[in-house]
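*Asks:* Next input, structure requested:
(chains A, B, C and D)
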2 protein chains.
Amino acid sequence: MTEIEKTLENNGIRPTAMRILIYKFMAKKEVAIALTDIENAFVKAERTTLYRTLKTFEDKGIVHHIDDGTGISKYALCEQGCNCELDQDLHLHFHCSNCDKTVCLTDHKIPHINLPSGYIAEDANLVITGICEKCSGQ
Amino acid sequence: MTEIEKTLENNGIRPTAMRILIYKFMAKKEVAIALTDIENAFVKAERTTLYRTLKTFEDKGIVHHIDDGTGISKYALCEQGCNCELDQDLHLHFHCSNCDKTVCLTDHKIPHINLPSGYIAEDANLVITGICEKCSGQ
DNA sequence: CCAATAAATGCACGTCCATTGCACTCTTAT
DNA sequence: ATAAGAGTGCAATGGACGTGCATTTATTGG
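*Replies:* Modelled structure (predicted):
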């Protein structure tokens, strides 16, 4: 049994061929990916399967869902020890307006915000848009 | 000529009947509104007109566009002296998961974030999700 | 005032993505 | 081996955004 299969099983996910492929694909990408990205990468893959696979991964806590403001949902594998489902790992995301890629800046947490009284925060999403290091050439 | 007409003209917008109505509608709402909200409020209104009216308002700098993570674009009138189009008024937004309303917290600016080297920030969007003061009953 | 021009509006599409229902297949447990 | 359950594939729906074009309305110059 491979590492990936173990990871899936440890999180209560049956390691089917499709799921392992999708996991591998996400693991080798350093950027957040959209459903369509996977769909294009695997011509054989059915959109619905991908959709539900990502949903399963998300429910089981091994990927997190990213809204980068493009209107297209992106997904990324959680880091080791990521507690995003507990709202304790609210790192921010960077969306490059040039190459359209979105990356997790896992080292950069969202600063604490003092809300007006009566407001109860449950989740936070911070997206910085700009030019990524690859596109800026620095 | 009313105040609203003056405001529109001062910003290079021809004050048509439709535009005045839309402006009034937004002014009396204290929350960010979606295109569909206006569409439902004015049965007579054509969606395209609303869409382009909001776009015009946005281009001329009297409303700002809000992405609250619901996937539905919201709009809100800019405050007096708002410089959102210059990225100098990056206040944050609060989205209530109970009543689904989104409000501008204009007094709460997005804190400065230190990005990794090579990354150039151009814009920022911070949305806090939770329970608003009306729904929390506090 | 009227014609010519420009702006605004209305209508009809088309697209893209998220999401669901249903049937079929494969795996697992009895 | 068979039944139950999970996973997958196919088809279809619906919501929201966006565009092209014709029509109407407003503005401007003669």
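*Asks:* tell me which residues form a beta bridge with residue A:95?
*Replies:* residue A:102, residue A:129 (DSSP bridges).
*Asks:* hang on, it packs against residue A:128?
*Replies:* Yes - with contact defined as C-beta atoms under 8 Å, residue A:95 reaches residue A:128; the gap is 7.3 Å. (Each C-beta comes from the backbone N, C-alpha and C, glycine too.)
*Asks:* Could you name every residue contacting both of those two?
*Replies:* Both residue A:95 and residue A:128 lack any common contact, where contact means C-beta atoms under 8 Å, 6 or more residues apart in numbering or on different chains.
*Asks:* Residue A:119 versus the nearest residue to residue A:71 once chain neighbours are set aside, what's the distance?
*Replies:* Nearest residue to residue A:71, sequence neighbours excluded (C-beta to C-beta, 6 or more residues apart in numbering or on different chains): residue B:71, at 6.3 Å. If you measure residue B:71 against residue A:119 using C-beta to C-beta, to the nearest Å, the figure is 22 Å.
*Asks:* same thing with residue A:100?
*Replies:* Relative to residue A:119, residue A:100 is positioned 33 Å away (criterion: C-beta to C-beta).
*Asks:* same question, residue A:105
*Replies:* Residue A:105 sits at a distance of 26 Å from residue A:119 (criterion: C-beta to C-beta).
*Asks:* Looking at the two now, which is surrounded by more residues?
*Replies:* Neighbours of residue A:105 and residue A:119, each counted by other C-beta atoms under 10 Å in any protein chain shown, are more numerous for residue A:119; the result is 21 against 16.
*Asks:* List the buried residues for the worst-scoring helix or strand of chain A on mean pLDDT?
*Replies:* Ranking every helix and strand in chain A by mean pLDDT, DSSP states H and E puts strand A:102-109 at the bottom, with a mean of 91. If you call a residue buried by 16 or more other C-beta atoms under 10 Å in any protein chain shown, then strand A:102-109 has these buried ones: A:102, A:103, A:104, A:105, A:108.
*Asks:* what number of residues lie near whichever residue of chain A sits closest to DNA strand C?
*Replies:* Closest residue of chain A to DNA strand C, C-beta to the nearest atom of the strand: residue A:73 (3.4 Å). As a burial measure, the neighbour count of residue A:73 was computed by other C-beta under 10 Å and equals 18.
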